[in-house]
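Undergrad: Okay, sequence plus prediction incoming.
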Amino acid sequence: MSTKAATKALPEYVNIPIGHLVESSTNPRKTFDEAQLTQLAESIRSKGVLSPLLVRRVNGHFEIVFGAQRYRAAQRAGLPAVPATVRELTDEECLEIQLIENLQRTDLQPFEEAQGFRALLDRQGDKYSIETIAAKTGKPTSFIAKRLTLLDLIPPAADAFVAGQIGVEHALQIAKLTPDVQEDALRHCFDGYYGADDKERSLVPVSRLQAWIAHNIYLSLKSVPFSKDDATLVPEAGSCANCPKRTGFNALLFSEVREDSCADRACFNRKLDAHIAQRVAKMPKLVQISHGYRTTDKTPVLPRREYVEVIARKNGKDRETLPEHKLCNHLTPAIHTDGMEKGRLAKVCVNPECKIHFGNRQKEEEERRQRKAEKVAANRKEKQTLALRHRILAEVLKRAKPPFGADELRLVSRFVLGSLSHDLACRLAKRHGLEPATKGQDWELAEKARSLYKTANGPALAALVFEAILLGVTVHTFESKDDLLTDAASLYDVKTKALRTEMGKAEKAKTINLKPANAGKTKAASQAKQKRK
């Protein structure tokens with residue numbers, strides 16, 4: 001029964017008490033805008049309900065067929081009764097009127113609108129189709145088809161859409177995809193940035209989402225290796241010719257996609273796998289090749305390093321230089337099992353002894369083996385050298401018995417002076433009155449300090465080592481309980497407190513001597529000037 005036929009025979013309306021009305025459970029509208037309800041309640045409070053509700057009698061009550069929003073606003077306004085038209089309607093007639101009436105409203109949430117379209121299509125019989133719904137509602141068939149697609153959203157995407165986190169165009173782009181990729185597409189609706197309140201994610205433009213989907217989801221059907229019309233390749237999937245996930249077939253839904261593509265990646269790969277299996281069954285000697293450089297031991301697929309795909313060219317300057325453009329006597333048919341060319345047949349050379357296609361690899365392998373052998377030999381030589389030096393050390397220590405003489409002390413001093421930093425070496429040189437041969441060349445000064453062990457005798461060598469060690473800790477200004485300089489002062493009974501007092505007095509005297517001679521006169525003149533003022 002059409003809406004027009006239902007509304008023409010409506011009787012005079014009556015005022016029905018608010019308490020006698022109940023909302024219908026089959027009403028497509030499930031959400032109501034609070035701001036609109038408040039505004040409508042204010043209007044009803046001053047002007048009343050201008051348009052009657054449509055109700056029917058059910059179990060001693062009046063069920064609202066349409067007008068639920070006016071009913072809720074009248075409750076807020078405190079009206080005791082509302083005007084309503086009473087009709088005797090069956091459940092089927094009631095549902096039809098509700099769906100058509102609500103679907104014609106512009107403020108209906110798109111997901112609820114889609115549920116309404118689906119409810120009409122799911123009614124028994126062939127009374128409703130996309131075309132008949134379009135005729136009754138005055139909406140284009142493409143609009144109806146796209147709204148119905150919203151029902152294919154996975155729960156997280158549907159929740160985000162109903163909550164207003166994504167727009168209807170974003171939701172439509174996601175709903176066209178298979179469930180296994182929808183969640184990934186939902187993540188790409190947002191750019192990772194948040195709003196001013198750090199709660200709302202920043203929504204990207206629909207064009208950016210479309211570009212991501214086109215690049216990452218849609219698979220071109222332009223040059224697939226299997227027949228798009230073959231319904232037996234994967235029987236449960238059927239033919240690509242009339243598949244709703246094919247953009248070229250379902251132009252009503254994929255109107256923005258120009259190239260004939262597949263939106264079902266899983267089905268696309270199943271057909272490629274089935275095509276490869278068929279080819280291998282027909283051609284037992286067909287070599288299976290992979291773009292990856294590693295494969296498992298259990299698979300017959302050859303990794304990239306074990307074959308060379310040959311693409312012979314009749315023309316071109318690279319024809320005689322590149323191995324992959326040359327023919328050999330070892331060529332065999334192969335099929336790609338992964339990558340962008342999955343399922344495509346090719347000609348490959350898999351003979352590792354082939355000089356044409358594996359000549360460079362043989363040379364590289366030989367060079368690699370040679371480098372490895374050289375590295376092993378170098379490591380072995382290094383270990384032998386270290387072992388020898390440790391053996392020499394052991395023998396030296398067996399023979400070195402204290403007390404040490406000048407030769408032993410010279411070795412020790414040579415090591416200690418050579419370990420001094422540049423600054424400490426320069427300090428040591430200045431302590432011994434050394435000057436560089438060229439003025440300003442501190443490196444020469446440091447080298448002279450490190451050579452002091454050459455001219456020193458036995459006792460002087462011991463003193464030189466002692467001085468260098470203490471000089472290294474003298475430059476430390478931090479407090480330390482284990483201070484070599486403090487221990488040395490205690491060993492030789494150096495009065496550090498007396499030295500500190502003496503240096504303090506000298507510093508104070510130096511400060512007094514630096515004052516200008518006429519400082520007192522200047523102060524007196526200043527005081528006299530103030531008195532005159």
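TA: Thanks, I have the structure now. Numbering: from 1, shown residues only.
Undergrad: Would you map out the domains in the chain?
TA: 1-108, 286-399, 406-513 (automatic domain parsing).
Undergrad: Packed most tightly, which of those domains would that be?
TA: domain 1-108 (a mean of 16; mean count of other CB atoms under 10 Å). To be clear about C-beta, it is placed using only N, CA and C from the backbone, and glycine gets the same treatment.
Undergrad: Distance from that domain to the middle of the chain?
TA: Chain-centre distance of domain 1-108: 50 Å, with CA atoms, centre = their mean, to the nearest Å.
Undergrad: what ranges do the helices span in the stretch 101-250 of the chain?
TA: 110-121, 130-137, 141-149, 155-162, 168-175, 179-187, 206-216 (DSSP state H, counting those that start in this stretch).
Undergrad: winner for burial among those helices?
TA: Here the criterion is mean neighbour count by mean count of other CB under 10 Å, and of those the winner is helix 168-175, at a mean of 22.
Undergrad: Put the alpha carbons of it into CSV.
TA: What follows is helix 168-175, C-alpha atoms only, in CSV (Å, rounded to 0.1, in the frame of the first residue of the first chain):
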residue,chain,number,x,y,z
VAL,A,168,29.0,9.7,5.2
GLU,A,169,31.4,9.9,2.3
HIS,A,170,34.2,8.4,4.4
ALA,A,171,31.8,5.7,5.6
LEU,A,172,30.8,4.9,2.0
GLN,A,173,34.4,4.6,0.9
ILE,A,174,35.1,2.1,3.8
ALA,A,175,31.8,0.1,3.3
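Undergrad: report the angle between the axes of that helix and helix 155-162?
TA: 170 degrees (axes from the mean of the first three to the mean of the last three CA atoms, to 10 degrees).
Undergrad: which secondary structure elements does helix 168-175 contact?
TA: helix 110-121, helix 141-149, helix 155-162, helix 179-187, helix 206-216 (3 or more CB pairs under 8 Å, 6 or more residues apart in numbering; DSSP states H and E).
Undergrad: Can you lay out those helices as a markdown table showing distance to residue 233?
TA: Formatted as a markdown table, the helices and strands packed on helix 168-175 follow (distance: least, CB to CB, whole Å):
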| stretch | distance to residue 233 |
| --- | --- |
| helix 110-121 | 30 |
| helix 141-149 | 26 |
| helix 155-162 | 31 |
| helix 179-187 | 21 |
| helix 206-216 | 25 |
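Undergrad: Worst mean pLDDT among those?
TA: Ranked by mean pLDDT, those bottom out at helix 110-121, which scores a mean of 82.
Undergrad: can you give me how far it is from the chain middle?
TA: 37 Å.
Undergrad: Can you show me the CA trace of it as PDB?
TA: Extracted in PDB, the C-alpha atoms of helix 110-121 (Å, rounded to 0.1, in the frame of the first residue of the first chain):
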ATOM      1  CA  PRO A 110      22.200   7.900   7.000                       C
ATOM      2  CA  PHE A 111      22.800   4.600   8.800                       C
ATOM      3  CA  GLU A 112      19.200   4.500  10.000                       C
ATOM      4  CA  GLU A 113      18.100   5.400   6.400                       C
ATOM      5  CA  ALA A 114      20.100   2.400   5.100                       C
ATOM      6  CA  GLN A 115      18.400   0.200   7.700                       C
ATOM      7  CA  GLY A 116      15.000   1.400   6.400                       C
ATOM      8  CA  PHE A 117      15.900   0.700   2.800                       C
ATOM      9  CA  ARG A 118      17.000  -2.800   3.800                       C
ATOM     10  CA  ALA A 119      13.800  -3.400   5.800                       C
ATOM     11  CA  LEU A 120      11.800  -2.600   2.700                       C
ATOM     12  CA  LEU A 121      13.900  -4.900   0.500                       C
END
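Undergrad: tell me the angle it makes with helix 141-149.
TA: Using the same axes, to 10 degrees: helix 110-121 against helix 141-149 is 100 degrees.
Undergrad: what does helix 110-121 contact?
TA: 28-31, 95-96, 99, 102-103, 108, 128-130, 133, 144, 147-151, 153, 158, 161-162, 168, 171 (CB atoms under 8 Å, 6 or more residues apart in numbering).
Undergrad: How about the contacts made by residue 351?
TA: Residue 351 sits in contact with 328, 330, 357, 358, where contact means CB under 8 Å, 6+ apart.
Undergrad: quick one: secondary structure of it?
TA: coil (DSSP: H, G, I helix; E, B strand; the rest coil).
Undergrad: Need the phi and psi values for it.
TA: Phi and psi for residue 351, reported as degrees, to the nearest 10, are phi -90, psi 110.
Undergrad: and it, what pLDDT?
TA: With respect to pLDDT, residue 351 scores 90.
Undergrad: ok, back up a step: what is the nearest of the contacts of residue 351 to residue 244?
TA: residue 357 (45.7 Å; CB to CB).
Undergrad: secondary structure element for the closest one?
TA: helix 355-399 (DSSP states H and E).
Undergrad: what do you get for residue 506?
TA: When elements are assigned from DSSP H and E, residue 506 belongs to helix 496-513.
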